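Peer 1: Here you go, sequence then predicted model.
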Amino acid sequence: MERTIDKNADRTVDRTMDTIRKNKIKKVVYWGIAFVLAVFWLLVSSLPFVFMVMNSFKEKFEMLVSGVFSLPAALNLNNYKEVLIGNFGSYFLNSVIVLAVSLILLLFIAACASYPLARFRFKLAAPIYALIVACMSIPIHITLIPVFKMSQSAGLYDSIWALIGPYVAFGIPISVFILTSFMQQIPREIEESAEIDGCNKFQMFFQMILPLSKSGLATLAIYNGVNMWNEFSFAYTLTQSSENRTLPLAVWEFQGQYSMNTPMIMAVLTLSLLPMIIMFILFQDKLVKGMTAGAVKG
């Protein structure tokens, strides 16, 4: 009897050990596949950037002679020097000003609109929210002529300030949609405790809700910032003189001016892309937190 029990116990232990070994093997295989896919995706996504930077250091006709994927014969900085000596600094400054002012206004307006939609209970909350979300379906290009006429009537045409209004207006729907969902995940017990301590709605919004929404605001800043930085249609329609144009138009003009000098165009693209890369590196942790916020409740 005891031998039978011991044999059964040994079999149970063996089965358990086999299950543990199989699970370990499965984990190793899954992690191996995930690692291979991650490396593959890294190569695919980084190859265009490496290609662009590598060719920006080449001479004018070096790409035609040595090939587009060959390393530069020497570290040639003349392309960057020539770009920086030109009007690139003016384009860059205009983009920075438009981006900074537009983002500040957009995030503030979106936060002020999302707070009552997420935390207050009133009959028009659902229709207003649905109307704002429905505005996401409006194509940008059908508004170019009305916005152009409005800019002329307001005396803003051919100035960087003409771009701020459209950028903010078209960024509000997606920003309110994301930020409302983010604010809904904030526990209501925090507000109840603040009300007991004598906090009014304004104090609660500026001192509690906004600080707790930093991750969501950072996500929106990166998302909208990239769109504003790369926007071409409004910048081309609402500005005319070179001193009032932004970086996407600089790339367009450099492409027309240096159509036969591909390394020069690559240098312009590299300089235009660097600010967004730096911005993503600085705020990547908040971006991940903002994208995963609300995925787990409780």
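Peer 2: Yes, it's here. Numbers count the residues shown, from 1 in each chain.
Peer 1: and Val50, what is it in contact with?
Peer 2: Contacts for Val50 (CB atoms under 8 Å, 6 or more residues apart in numbering) come out as none. C-beta coordinates here come from the backbone N, C-alpha and C atoms, glycine included.
Peer 1: does it belong to a helix or a strand, and which?
Peer 2: helix 2-56 (DSSP states H and E).
Peer 1: Show me what secondary structure element comes after that helix.
Peer 2: Counting by DSSP H and E, what follows helix 2-56 is helix 62-66.
Peer 1: buried residues in that following helix?
Peer 2: Applying a neighbour-count criterion of 16 or more other CB atoms under 10 Å, one finds 62-63 buried in helix 62-66.
Peer 1: Which other helices and strands does it contact?
Peer 2: Helices and strands touching helix 62-66, by 3 or more CB pairs under 8 Å, 6 or more residues apart in numbering; DSSP states H and E, are helix 262-292.
Peer 1: Pull the distance from the helix it packs on to the chain's centre.
Peer 2: Between the centre of helix 262-292 and the centre of its chain there are 9 Å (CA atoms, centre = their mean, to the nearest Å).
Peer 1: Can you give me the buried ones in that helix?
Peer 2: Result for helix 262-292 [16+ other CB under 10 Å]: buried residues 262-273, 275, 279, 283, 286-287, 290.
Peer 1: So, low pLDDT: which residues of this protein?
Peer 2: 1-14, 255-260, 285-298 (pLDDT under 70).
Peer 1: Return the distance of the residue sitting nearest the centre point of it relative to Tyr167.
Peer 2: By CA atoms, centre = their mean, the chain has its centre lying nearest to Tyr223, at 2.8 Å. From Tyr223 over to Tyr167 the distance is 13 Å, taken as CB to CB, to the nearest Å.
Peer 1: Likewise for Arg121?
Peer 2: 32 Å.
Peer 1: Between the two, which is the more surrounded one?
Peer 2: Tyr167 (22 against 6; other CB atoms under 10 Å).
Peer 1: who's in contact with that one?
Peer 2: Contacts of Tyr167 by CB under 8 Å, 6+ apart are 98, 102, 106, 224, 228, 231, 234.
Peer 1: residues contacting Phe148?
Peer 2: By CB under 8 Å, 6+ apart, Phe148 lies in contact with 157, 237-238.
Peer 1: Let's see that with 10 Å instead.
Peer 2: Listed by CB atoms under 10 Å, 6 or more residues apart in numbering, the contact set of Phe148 reads 157, 162, 166, 234, 237-238.
Peer 1: can I see the domain layout of the chain?
Peer 2: The record assigns the chain these domain ranges, following automatic domain parsing: 2-56, 78-292.
Peer 1: Highest mean neighbour count out of these?
Peer 2: domain 78-292 (a mean of 17; mean count of other CB atoms under 10 Å).
Peer 1: That domain: how far from the chain's middle?
Peer 2: For domain 78-292 - counting by CA atoms, centre = their mean - the centre lies 9 Å from the chain centre.
Peer 1: on that earlier part again, and the helix holding Val50 with helix 262-292, angle?
Peer 2: Here the directions of helix 2-56 and helix 262-292 differ by 140 degrees (axes from the mean of the first three to the mean of the last three CA atoms, to 10 degrees).
Peer 1: okay but Pro166 is in contact with Ile140, surely?
Peer 2: Yes - in this structure, Pro166 is within contact of Ile140 by CB atoms under 10 Å, at 8.0 Å.
Peer 1: anything in contact with each of the two?
Peer 2: Residues touching both Pro166 and Ile140 (CB under 10 Å, 6+ apart) are 147, 231, 233-234.
Peer 1: Determine which two of those residues are furthest apart.
Peer 2: Put simply, by CB to CB the two of these set farthest apart are Val147 and Glu231, 12.5 Å from each other.
Peer 1: Between these two, which contacts overlap?
Peer 2: 140, 163, 166, 170.
Peer 1: Return the distance of the second one relative to Gln284.
Peer 2: In other words, Leu163. 27 Å.
Peer 1: Need the distance between the two termini of stretch 206-215.
Peer 2: Using CA to CA, to the nearest Å, the end-to-end distance of stretch 206-215 comes to 15 Å.
Peer 1: I should have written stretch 131-146 there, sorry.
Peer 2: 21 Å.
Peer 1: same thing with stretch 191-207?
Peer 2: End to end - CA to CA - stretch 191-207 spans 11 Å.
Peer 1: What are the contacting residues of it?
Peer 2: 111-112, 115-116, 119-120, 183, 187, 190, 208-210, 213.
Peer 1: a markdown table for those, including secondary structure?
Peer 2: Formatted as a markdown table, the contacts of stretch 191-207 follow (DSSP: H, G, I helix; E, B strand; the rest coil):
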| residue | secondary structure |
| --- | --- |
| Ala111 | helix |
| Cys112 | helix |
| Tyr115 | helix |
| Pro116 | helix |
| Arg119 | helix |
| Phe120 | coil |
| Met183 | helix |
| Pro187 | coil |
| Ile190 | helix |
| Met208 | helix |
| Ile209 | helix |
| Leu210 | helix |
| Ser213 | coil |
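Peer 1: Right, I'll call it a day here.
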